[in-house]
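**Student:** Okay, sequence plus prediction incoming.
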Amino acid sequence: MTDTAMTDRNMTEERNDLPVAIIGAGPVGLATAAHLIERGITPLIFEQGQEVGAAIRKWGHIRLFSPWRHNIDPAARRLLEPTGWAEPRLTSLPYGSELVEAYLEPLAAVPAIAAALHTSTTVTAVSRAGMDKTHSRGRDERPFLVRVEITGGTTTNHHVRAVIDASGTWAQPNPLGQAGLPAPGEADAIAAGFITEPLPDVTGADRDRFAGKHVLVIGAGHSAANTLLSLGQLAKNEPGTRISWAVRGADTTRLYGGGDLDGLPARGQLGTRLRRLVEDGHIELHTSFTTTSFTTAASTTGGALLVTGSTPDGPVTLEVDLLIPATGFRPDLDILRELRLDLDPAVEAPRELGPLIDPEFHSCGTVPPHGAKLLAHPEKDFYIAGMKSYGRAPTFLLATGYEQVRSIAAALAGDHEAANTVHLELPETGVCSTDLGGSCDTPATQAAESDETAESCCAAPAAVEETSCCAAPEPVLIGFPTGLAHGRTATLTD
């Protein structure tokens, strides 16, 4: 193991000269770096993937609901403009791959960011140098110790003045079983290849895997809708392709969102098209289905997955070739075990942010802007930002992440007035990321070709002074929740 070691004597004195660690090189992580650079603070970026935007590349075939103007961070734009970067048309709706190629890759190539970027580098632990969680005396003056493992096995300790975790939640999908737990046989079914990753490219790179197969989608929300619509397109062209859809809830009206009443037309069209496929019999819908077990069975085609669920009429078993999960994501908090965190007990977000984003009461359009004050933990100068800051809540907005890290960078620079005054401009019903764990906006149906679909009613820019005192949330649900039942409540759909 190598160590960027410091002695106890100079550890406190030199702390403010150290860089700020950023975990994750997605849109929010790179935006964090841009804001720190503008403040004269050196970033140190650790990305587990081989390239920036690794999670987004997994769903690069999906188109976003939100136009480019919501997807470009202002500080990142200011870094890019002197390089001759060609800004995309702000009213158009990018695919995930376009977000990476037209924005993240050029941003990562800016010299100040490129010098700080370490790819193929996994953060395995974050602590305070020289002390564990139980020690308090002088804790705030100690630098952080960030332990990383580079592909190939080399482990290194880095000392940094602050840590911002923008690693997202894509790598931690919710389990398929009841009560927030994996169902018996789930791990074996994943290992055997019966359960895929979320949002596979059904009509593109992964087409051969799904053509002519019986495919089950479990879960609701935008990821499920996109996947089901793609499967419907595949079934039209590939005889023998059969589609089943299982959800935990009994109320089918919740599955299709707001339709024509949705503030974002592309999102409303998604639910309308999905409803048509179900009503026309192209998708076999199983409601009130709670997965209880997975087993494999021999068949003439070489093997099948038996998915058993409890229903009001008793156990039901579905025999399928493949299962696509669409049950949302949750944060991986293991690397933060030696830090003093204060998390909301329900959604695993920072405690003061939790009531503002609880998906039982809020969509992204009803969440107020927030920054460093609400994101702070007892561990001074440690922040979770981006999708991971929302914990299990599925209502994250990419523009919200950009405002979070602008405020955090200001706080680390000592500009508390800028840190505490937060701004955000949103469509009235929000532009949700919902169940995507890659710190990005919710994908729209790939059939949404019109730029006008992105131009729904937008509220005026809001500027508010942050306060730690929040009124009790009013019960409001706008749009299309997803992944809520897993670890949140059994009364909602998957």
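**Tutor:** That came through fine. Numbering: from 1, shown residues only.

**Student:** right, and residue 23 touches residue 164 too?
**Tutor:** Yes - contact criterion Cβ atoms under 8 Å: residue 23 and residue 164 qualify, at 7.1 Å. Every C-beta, even on glycine, is put in place using the N, C-alpha and C of the backbone.

**Student:** Find residues that contact each of those two.
**Tutor:** Both residue 23 and residue 164 are in contact with residue 29, where contact means Cβ atoms under 8 Å, 6 or more residues apart in numbering.

**Student:** Quick check on those two: which one has the bigger neighbour count.
**Tutor:** Counted by other Cβ atoms under 10 Å, residue 23 and residue 164 do not tie: residue 164 has more neighbours, with 32 against 29.

**Student:** So which elements touch the helix or strand the more buried one falls within?
**Tutor:** Residue 164 is part of strand 162-165, with elements assigned from DSSP states H and E. Judged by 3 or more Cβ pairs under 8 Å, 6 or more residues apart in numbering; DSSP states H and E, the packing partners of strand 162-165 are strand 20-23, strand 144-150, strand 382-384, helix 398-412.

**Student:** send the alpha carbons of it over as CSV?
**Tutor:** C-alpha atoms of strand 162-165 as CSV (Å, rounded to 0.1, in the frame of the first residue of the first chain):
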residue,chain,number,x,y,z
ALA,A,162,-13.0,17.7,2.3
VAL,A,163,-14.9,14.9,0.6
ILE,A,164,-18.0,15.2,-1.7
ASP,A,165,-19.6,11.8,-2.6
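
**Student:** count of neighbours near residue 192?
**Tutor:** 13.

**Student:** all strands in the stretch 51-200 of the chain, in order from the N-terminus.
**Tutor:** Taking DSSP state E, counting those that start in this stretch as the test, the strands found in the stretch 51-200 of the chain are 63-64, 117-118, 121-128, 144-150, 155-160, 162-165.

**Student:** what's across from the residue nearest to residue 176 when sequence neighbours are not counted in the sheet?
**Tutor:** Distances taken as Cβ to Cβ, 6 or more residues apart in numbering place residue 291 nearest to residue 176, at 5.0 Å, with adjacent residues excluded. Taking DSSP bridges as the rule, residue 291 bridges to residue 309.

**Student:** Wait, residue 291 touches residue 195, no?
**Tutor:** No - Residue 291 lies out of contact with residue 195 (Cβ under 8 Å); the separation is 10.9 Å.

**Student:** neighbour count winner among those two?
**Tutor:** residue 291 (26 against 22).

**Student:** Can you tell me the closest non-neighbouring residue to residue 139?
**Tutor:** Spatially, and ignoring its direct neighbours in sequence, residue 139 is nearest to residue 128 (6.0 Å; Cβ to Cβ, 6+ apart).

**Student:** For the stretch 301-450 of the chain, which segments count as helices?
**Tutor:** Taking DSSP state H, counting those that start in this stretch, the helices of the stretch 301-450 of the chain run over residues 354-357, 372-375, 398-412, 416-420.

**Student:** Show me the shaky parts of the stretch 301-450 of the chain.
**Tutor:** Applying pLDDT under 70 to the stretch 301-450 of the chain flags the ranges 301-302, 361-367, 425-450.

**Student:** From the structure, what's the count of residues near the closest residue to residue 352 other than its chain neighbours?
**Tutor:** Leaving aside its chain neighbours, residue 352 sits nearest to residue 374 (4.8 Å; criterion: Cβ to Cβ, 6+ apart). Neighbours of residue 374 under the rule other Cβ under 10 Å: 23.

**Student:** now swap in residue 273 and tell me
**Tutor:** Residue 273: 17 neighbours (other Cβ under 10 Å).

**Student:** just checking, it is part of a helix?
**Tutor:** Yes - under DSSP: H, G, I helix; E, B strand; the rest coil, residue 273 falls within a helix.

**Student:** got a pLDDT number for it?
**Tutor:** We note a pLDDT of 88 for residue 273 in this prediction.

**Student:** how much space between it and residue 163?
**Tutor:** In this view, residue 273 and residue 163 are 43 Å apart by Cβ to Cβ, to the nearest Å.

**Student:** Repeat that for residue 354.
**Tutor:** With Cβ to Cβ as the criterion, residue 354 and residue 163 are 21 Å apart.

**Student:** So for the two, which residue has more residues nearby?
**Tutor:** It is residue 163, of residue 354 and residue 163, that has more neighbours when counted by other Cβ under 10 Å, with 26 against 23.

**Student:** Next, the contact list for that one, please.
**Tutor:** 20-21, 23, 126, 144, 146, 381-383.

**Student:** wouldn't residue 273 be in contact with residue 230 here?
**Tutor:** No - using Cβ under 8 Å, residue 273 is not in contact with residue 230, being 11.2 Å away.

**Student:** Just grab the bridge partners of the nearest residue to residue 142 once chain neighbours are set aside for me.
**Tutor:** Spatially, and ignoring its direct neighbours in sequence, residue 142 is nearest to residue 128 (4.7 Å; Cβ to Cβ, 6+ apart). With DSSP bridges as the criterion, residue 128 is bridged to residue 131, residue 144.

**Student:** tell me the contacts of residue 128?
**Tutor:** Here residue 128 is in contact with 135, 139, 142-145, 338-339 (Cβ under 8 Å, 6+ apart).

**Student:** Now distance to residue 304 and neighbour count too, for those, in a markdown table please.
**Tutor:** A markdown table is the format used below for the contacts of residue 128 (distance: Cβ to Cβ, whole Å; neighbours: other Cβ atoms under 10 Å):
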| residue | distance to residue 304 | neighbour count |
| --- | --- | --- |
| 135 | 54 | 11 |
| 139 | 55 | 15 |
| 142 | 56 | 21 |
| 143 | 54 | 25 |
| 144 | 49 | 24 |
| 145 | 49 | 22 |
| 338 | 45 | 17 |
| 339 | 45 | 19 |
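
**Student:** what's the closest of these to residue 120?
**Tutor:** Residue 120 lies nearest to residue 145 out of those, by Cβ to Cβ, at 20.6 Å.

**Student:** between the contacts of residue 128, which is closest to residue 253?
**Tutor:** Closest approach between the contacts of residue 128 and residue 253, by Cβ to Cβ: residue 339, at 42.6 Å.

**Student:** distance of the closest residue to that closest one other than its chain neighbours from residue 35?
**Tutor:** Excluding its sequence neighbours, the residue lying closest to residue 339 (Cβ to Cβ, 6+ apart) is residue 379, at 4.6 Å. The spacing between residue 379 and residue 35, counted by Cβ to Cβ, is 21 Å.

**Student:** Compare these two and say which one has the larger neighbour count.
**Tutor:** Using other Cβ under 10 Å, the more surrounded residue of residue 379 and residue 35 is residue 35, with 26 against 21.
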